[in-house]
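> Fold the stuff below for me.
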Amino acid sequence: MTMRPFDILIAEDNEDDVLLIREAFEEVNMINRIAVVRDGEEALAYLRGEGPFSQTRLPGMVLLDINMPKKTGLEVLTEIKSDLRFRPLPVVMLTVSERDEDIIRSFEQGACSYIRKPVTLTRFIAVVKQFEMYWTLVSKIPALKR
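You can find the predicted model right below:
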């Protein structure tokens, strides 16, 4: 089986979590390119190709934290799924929240998965390995254009 690389947009405001994600992706030799935005408004601007993101490619997937400044991850998810251009885009909620209402609301609003951030690098690497296998070997990601 061959791996199909795709760009991943990570919307995460916590620098420690960004470093953990990058380290885990490097550790498992993820072939996907990642871009990071720090708040909900930046995530939407990136997807829409606005301002400093006018030359970026549309990602194949979004990893979205729930607790972000300016717009929460759930607000961003709602906007992504209400825009016909982005509706097919897989959005994975990657968050520390274990609240049932966040999980339910994420799926009701169109998230394709909900992953709780592991606390340690070792555990996160294990999660990223499973994530990579599923999204590159098993699942098919739609090729979207802006």
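> where do the strands sit along the protein?
Ranges of strands within the chain are 8-11, 34-37, 61-64, 91-95, 113-116, based on DSSP state E.
> Contact partners for residue 54?
Residues in contact with residue 54 (C-beta atoms under 8 Å, 6 or more residues apart in numbering): none are found. Every C-beta, even on glycine, is put in place using the N, C-alpha and C of the backbone.
> What about it? Give its phi and psi, please.
The phi/psi pair for residue 54 (degrees, to the nearest 10) reads phi -70, psi -20.
> And it, how far from residue 67?
Counting by C-beta to C-beta, to the nearest Å, the separation of residue 54 from residue 67 is 28 Å.
> Could you tell me the per-residue confidence at the residue nearest in space to the middle of the chain?
Centroid-nearest residue in the chain: residue 63, 1.0 Å away (criterion: C-alpha atoms, centre = their mean). Note on residue 63: pLDDT of 93.
> do the same with residue 16
At residue 16, pLDDT is 86.
> mind checking how far it is from residue 123?
15 Å.
> in the protein, which spans are helices?
15-27, 40-48, 73-82, 100-108, 121-133 (DSSP state H).
> how far does the first one sit from the chain's center?
Okay, so that is helix 15-27. 13 Å (C-alpha atoms, centre = their mean, to the nearest Å).
> Thanks a lot, catch you later.
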